[in-house]
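J.: Got a sequence here, can you model it:
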Amino acid sequence: MKLENKVAIVTGAGSGNGRAIALRYLQEGAKVVIADINLDGAEATRKMATENSESIAIKVDVTNKHDVENMVKKTVEEFGEINILVNNAGIVAFSSFLEISEDEWDKVHNVNLKGPFLCSQAVSKVMIEQGNAGRIVNITSVEAHRVVSSSGECQPHYNSSKGGLLMLSKAMASELAKHKITVNNVAPGVVDTPFTQENLKKPEIKKWILDRVPIGRVAQPEDIANATLFLASDDSGYITGTTIFVDGGWTVH
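T.: Now for the predicted structure:
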C-alpha cells in the first residue's frame, strides 16, 4: 500500500473529488482526517471507508484560522503526526465579470486561495517540527491556465483564485523544499461532481465540453484521486512545484 502508516488531511472531503481522494487514501493504508464545512457530508464519507481503516471527520471552515488550527491540533492529537495535506476545498460561482459582487469575489477567493494558504501554513509548521518528508497537494483547475466559457461569459473570480493558488504552490515549493516538503498541483478539467451535474444534464453544454476533450468523456472523481495519490506518495519524492493536468487532453490544444 502506497500510503501505509501515513497521516493525511483532505479538505472538502464531504463530497465529490475530496470524498474520492479520502477513500482512495484509506484504501492505500493512510489514516485520514476527513475535513469539510459540512460535517454530515464528512461523516458520510467516513462511513463509506473500508473496514479496519482509520479516519475521523472534522467540521472546518478553511477560511477561518481558528478552525484550521483546531483541525491541525485534533489531527496530531488523534494520529500523532501529519504527512500529507490535500487542499481540495473549493467553490465555483457562475457570474460574468460585470455581474460579480464584492461579496461574491471575496467568498470565492477566501475559500479557493486563503483557505489553502491557512491550511498549508499551519500544516507546514507541524511537518517542519516532525523533520520528516511532507507532501502538500493543491487542487487547482485548468481554469488557472485558460479561460473556459461555453456561453461567452467566464468566471474571473474563479480563474483568478485558481491562478493565485497555482503561483502560491510554486512559491511554497521553493521555500519548503529545504524542509523536505514537496508542493504540487492537480488541475482537473470538468469532473462529474455535485458542482457540475446540473450543467452536464444540458446536452448543449455537455457537447461543448466533450468536443474539447480528446479522450471523449468527463472525468470521474476517482481520476482526480489517482493523480493526487501519486503526488502524496513516496513515488513523487523528486517532484515539486509542478502541475499534473487531469483533463482528458483539454489543454493540449
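J.: And for whichever strand or helix holds L23, what's in contact with it?
T.: Using DSSP states H and E, L23 sits within helix 16-27. Here helix 16-27 makes contact (CB atoms under 8 Å, 6 or more residues apart in numbering) with 1, 3, 6, 8, 10-13, 32, 34, 36, 41, 45, 48-50, 53-55, 84, 86, 88-89, 139, 188, 191, 193-195, 220-222, 224-226, 228-229, 232. Bear in mind the C-beta positions are built from the backbone N, C-alpha and C, glycine included.
J.: again, 6 Å this time
T.: Outside of helix 16-27, the residues that reach it under the criterion CB atoms under 6 Å, 6 or more residues apart in numbering are 3, 8, 10, 12-13, 32, 34, 45, 49-50, 53, 55, 86, 88, 193-194, 221-222, 224-225, 228-229.
J.: Which of the helices and strands in this protein ranks last by mean pLDDT?
T.: Taking mean pLDDT, DSSP states H and E as the measure, helix 197-200 is the helix or strand of the chain with the lowest mean score, a mean of 82.
J.: Report the separation between Q27 and G189.
T.: Separation of Q27 from G189 (CB to CB, to the nearest Å): 24 Å.
J.: what's around N17, how many residues?
T.: 29 (other CB atoms under 10 Å).
J.: burial count for N64?
T.: 16.
J.: secondary structure class for the spatially closest residue to T243 that is not a sequence neighbour?
T.: In this structure, T243 finds its nearest non-sequential neighbour in N185, 4.1 Å apart by CB to CB, 6 or more residues apart in numbering. Secondary structure state of N185, per DSSP: H, G, I helix; E, B strand; the rest coil, is strand.
J.: Against A13, how distant is N185?
T.: Using CB to CB, N185 is found at 18 Å from A13.
J.: neighbour-wise, which of those two wins?
T.: Neighbour totals were compared for N185 and A13, and A13 leads with 32 against 27 (other CB under 10 Å).
J.: any idea how far the more buried one is from N132?
T.: A13 is 23 Å from N132, where distance means CB to CB.
J.: list the contacts for the residue nearest the centre of the chain?
T.: Nearest to the geometric centre of the chain sits N88, at 2.0 Å (CA atoms, centre = their mean). N88 makes contact with 10-12, 17-18, 139, according to CB under 6 Å, 6+ apart.
J.: between those, which is nearest K125?
T.: Ranked by distance to K125 (CB to CB), the contacts of N88 are led by T11 at 16.9 Å.
J.: Quick check: phi and psi on the nearest residue to I181 once chain neighbours are set aside?
T.: In space, I181 comes closest to G134 once its chain neighbours are excluded; the distance is 4.0 Å by CB to CB, 6+ apart. Dihedral pair for G134: phi -130, psi 160, per degrees, to the nearest 10.
J.: Likewise for the one 4 residues further on?
T.: Reported as degrees, to the nearest 10, the phi and psi values for N138 are phi -100, psi 130.
J.: Which residue ranges of the stretch 151-253 of the chain form helices?
T.: Per DSSP state H, counting those that start in this stretch, the stretch 151-253 of the chain carries helices over the ranges 156-176, 197-200, 203-210, 221-232.
J.: Sounds good, over and out.
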